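*Asks:* Sequence and predicted model, in that order:
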Amino acid sequence: MSRRLRLTRPSGKPERLTAAFLLGLVLFLPPLLNVASRDVLFGGIPVLVLWLFGGWLVLIVILALVVEGKPDDDARAP
């Protein structure tokens, strides 16, 4: 029985997940939160609340795109 070794291109998923983690780390660092914690309202909502929930939403969208990414066309070929 002959087995062929197929070399596939790496997906880059671990690198993208690491980048998303680092983005989340930077978004929620105390120095940046201190900048956003001013007594300024944007549309009647404090900027800190917009920063926290907006950053959270961005991270969820990025992680969903990375985890649910499109399958490679090469992976389906026999």
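*Replies:* Nice, I can see it. Residues are numbered from 1 along each chain as shown.

*Asks:* quick one: average pLDDT of stretch 32-44?
*Replies:* Taken as a whole, stretch 32-44 has a mean pLDDT of 87.

*Asks:* A20: neighbouring residues, count only.
*Replies:* Using other Cβ atoms under 10 Å, A20 has 19 other residues around it. In this view, the C-beta of every residue, glycine as well, is placed from N, C-alpha and C.

*Asks:* And the residue lying closest to G24 once chain neighbours are set aside, its phi and psi?
*Replies:* Distances taken as Cβ to Cβ, 6 or more residues apart in numbering put L59 closest to G24, at 5.0 Å, once the chain neighbours are dropped. The phi/psi pair for L59 (degrees, to the nearest 10) reads phi -60, psi -40.

*Asks:* now the strands for the protein?
*Replies:* Using DSSP state E, the strands of the chain run over 41-42, 45-46.

*Asks:* I would like the residues contacting the first one, please.
*Replies:* Applying Cβ atoms under 8 Å, 6 or more residues apart in numbering, the contact partners of strand 41-42 are 47, 50.
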